[in-house]
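J.: Next comes the sequence, and after it the predicted model I'd like to discuss.
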Amino acid sequence: MDYLSTTCAELYKALEKKEELPKKVFLQGWVKTNRDSGSIGFVEFNDGSHFKNVQLVYNKECVNYDLLSSLRTGAAISIKGDLKLTPENRQPFEIDVKECVLDGDVDDDYPLQKKRHSFEFLREIAHIRPRANTFQAVFRVRNVLTMAVHNFFQEHGFIYVHTPLITTNDGEGAGNVFDVVTHDTKDPNSFYGRKVNLTVTGQLHVEPFALSFRNVYTFGPAFRAEHSNTVRHASEFWMIEPEMAFTDLNGNMDIIEECVKYCIKEVIAKCPCEMEFFNSMIDKTLLERLNHVVNSKFERMKYEKGIEILQKAVQNGHVFENNNIEFGMDLQSEHERYLTEEVVKGPLFLTDYPKEIKAFYMRLNDDGKTVAACDLLVPAVGELVGGSQREERYDLLKAKMEELGNAKELDWYLDTRRFGGCKHSGFGIGFDRLLMYVTGMNNIRDVQPYPRTSNSIKY
């Protein structure tokens, strides 16, 4: 009987479907651990196709015993063996090794050994850390969450638009951009004939497509030159940014709620092993918290009401790091978490923010002091999603932009209000922060393959 070339994932999938497993298998992958008791040895083996390992068993009768007993953690091997069901053991099956080939050995200074490594240490070896259990789980979930985002919008009839990475504007006018220059020492801005920078958002470029295709989204990298050395900030990250024509703020919040729930359910359904790992090793309340979000109706509260609640909390003795609560302030994470965790005890849309603390493109409300904006606040994190109804009235938008000083630079953006403009809305989700939320990881550097942060870049 020939050996069947297969993968760990295919074997576990067949087991879950109660299909007959092959009796003789050929596998290629890496050694996670190896222990030899003298008469029998066990290799924890993983080929990258599944979060769970497969146990390889060998003994002195094996033709490659000397090789097998000397295998070191991290070595790449190819094996042929007999598959045996072991329902009485911790693992449902194991492979009795008949032949082994060493495809790639490891040097003595291989940094991953059978012990706990700190996340700080693993960040220094980003090219090796995908082999560690936590990061095996993180990047598997990242893959599934990425596809969940695309599947949600594709299933809802959205058009995917690729927006440019090199642009002439900085979106909201914050000024925290990376300039793009050439190596022309005489004039580094000569390539485009003007100053350009890496994009901070795809929103302005995707809005015109909403006024042609109705419902669209962009999902790609963004760059912000912020010197924020926090667990939630990175200078390069990915953004999910949908735009919907003929949609007001309430319709916008409906889509946000549906999207967040869909993504969480997809990850829980398609990554059960990984999510159990996170729930056991990272955050023991994770699955309870995520299931609570999925099964909750997202509450809605105006910013002004939120301020009143926070002020009352201070009056009643609650202590925030910033107890100076007043209308017009930009809420901190502690304030957001109080509202979502202590007041509504679940997800909360905070709406209608003061116009002074929000972007120029947000629609001015009839009160003249607030805009039709929303932030989705969730327990344990605070803000997860930000969105708004866009200002579709040409005169009001132009006045805002002239005050800000970008009306001339963004004249093409103003054109969208003159040429068949309509009511429309959109939102932005920081993908890396969403990944942090669904995995329980508390540092953005640990959910990105190669994190980019100020004062530190190696790869």
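T.: Perfect, I can see it now. Computed from a predicted model, the values in this text were never measured in an experiment.
J.: Pull up the distance across stretch 277-291, start to finish.
T.: Distance between the two ends of stretch 277-291: 16 Å, counting by C-alpha to C-alpha, to the nearest Å.
J.: Just the buried residues of that stretch, please?
T.: For stretch 277-291, a neighbour-count test (16 or more other C-beta atoms under 10 Å) marks F277, F278, N279, I282, D283, L286, L287, R289, L290 as buried. For the C-beta atoms, the positions are set from N, CA and C on the backbone; glycine is no exception.
J.: Check the residues you listed and tell me the two furthest apart.
T.: Between any two of these, the greatest separation by C-beta to C-beta is 15.8 Å, found for F277 and R289.
J.: what residues are up against E383?
T.: Neighbour list for E383: S333, E336, D375, L376, L377 [criterion: C-beta atoms under 8 Å, 6 or more residues apart in numbering].
J.: Now the last one: which helix or strand?
T.: Secondary-structure assignment from DSSP states H and E places L377 in strand 370-378.
J.: Quick one: mean pLDDT over that strand.
T.: For strand 370-378, the mean per-residue pLDDT is 97.
J.: rewinding a little: among the buried residues of stretch 277-291, which are located in helices?
T.: Within these, residues falling in helices by DSSP state H are F277, F278, N279, L286, L287, R289, L290.
J.: E356 in helix, strand or coil?
T.: Per DSSP: H, G, I helix; E, B strand; the rest coil, the local secondary structure of E356 is helix.
J.: so how many other residues sit close to it?
T.: Other residues near E356 come to 10 when the count uses other C-beta atoms under 10 Å.
J.: now swap in A373 and tell me
T.: Using other C-beta under 10 Å, A373 has 25 other residues around it.
J.: Tell me if I'm right that it and T351 touch.
T.: Yes: with contact defined as C-beta atoms under 8 Å, A373 counts as touching T351 (6.8 Å).
J.: Show me whatever sits in contact with both of those two.
T.: Counting by C-beta under 8 Å, 6+ apart, the shared contacts of A373 and T351 are L249.
J.: can you give me the offset of stretch 297-307 from its chain's centre?
T.: Taking the mean of its C-alpha atoms, stretch 297-307 sits 26 Å from the chain's own mean (C-alpha atoms, centre = their mean, to the nearest Å).
J.: what is the mean pLDDT for that stretch?
T.: Mean pLDDT, stretch 297-307: 97.
J.: contact partners of it?
T.: Residues contacting stretch 297-307 (C-beta under 8 Å, 6+ apart): 253, 257, 325-327, 329, 331, 335, 339, 344, 346-354, 370, 374, 376.
J.: Nearest spatial neighbour of F135, chain-adjacent residues omitted?
T.: In space, and not counting its chain neighbours, F135 is closest to R129: 4.8 Å by C-beta to C-beta, 6 or more residues apart in numbering.
J.: pLDDT weak spots in the chain?
T.: Along the chain, the model assigns pLDDT under 70 to residues 173-174.
J.: mind checking the SS state of the residue lying farthest from the centre of it?
T.: Here the chain reaches farthest from its C-alpha mean at E61, the gap being 48.2 Å by C-alpha atoms, centre = their mean. Of the three states, E61 takes coil under three-state DSSP.
J.: One more: H50?
T.: Secondary structure assignment for H50 (three-state DSSP): coil.
J.: give me every residue that touches G428.
T.: Per C-beta under 8 Å, 6+ apart, neighbours of G428: T201, Q203, M239, I240, E241, V385, G386, G387.
J.: From L112, how far out is it?
T.: 36 Å (C-beta to C-beta, to the nearest Å).
J.: I77: which element?
T.: Per DSSP H and E, I77 falls inside strand 76-85.
J.: From the contact counts, what lies against the next helix or strand after that strand?
T.: Under the assignment DSSP H and E, the closest C-terminal helix or strand after strand 76-85 is strand 93-104. Packing partners of strand 93-104 (3 or more C-beta pairs under 8 Å, 6 or more residues apart in numbering; DSSP states H and E): strand 24-36, strand 54-59, helix 65-69, strand 76-85.
J.: what about 10 Å?
T.: On a contact count with 3 or more C-beta pairs under 10 Å, 6 or more residues apart in numbering; DSSP states H and E, strand 93-104 meets helix 8-16, strand 24-36, strand 40-46, strand 54-59, helix 65-69, strand 76-85.
J.: Name every sheet partner of it and say whether each one runs parallel or antiparallel.
T.: Using DSSP bridges, the strands paired with strand 93-104 are strand 54-59 (parallel), strand 76-85 (antiparallel).
J.: can you pull out the helices in the protein?
T.: In the chain, the helices defined using DSSP H lie at 8-16, 65-69, 119-123, 133-155, 203-213, 249-270, 272-281, 286-294, 303-315, 333-337, 394-404, 411-418, 431-439.
J.: Return the set of buried residues in the fourth one.
T.: What it means is helix 133-155. Neighbour-count burial for helix 133-155, with 16+ other C-beta under 10 Å as criterion, is recorded at 134-142, 144-146, 148-149, 152-153.
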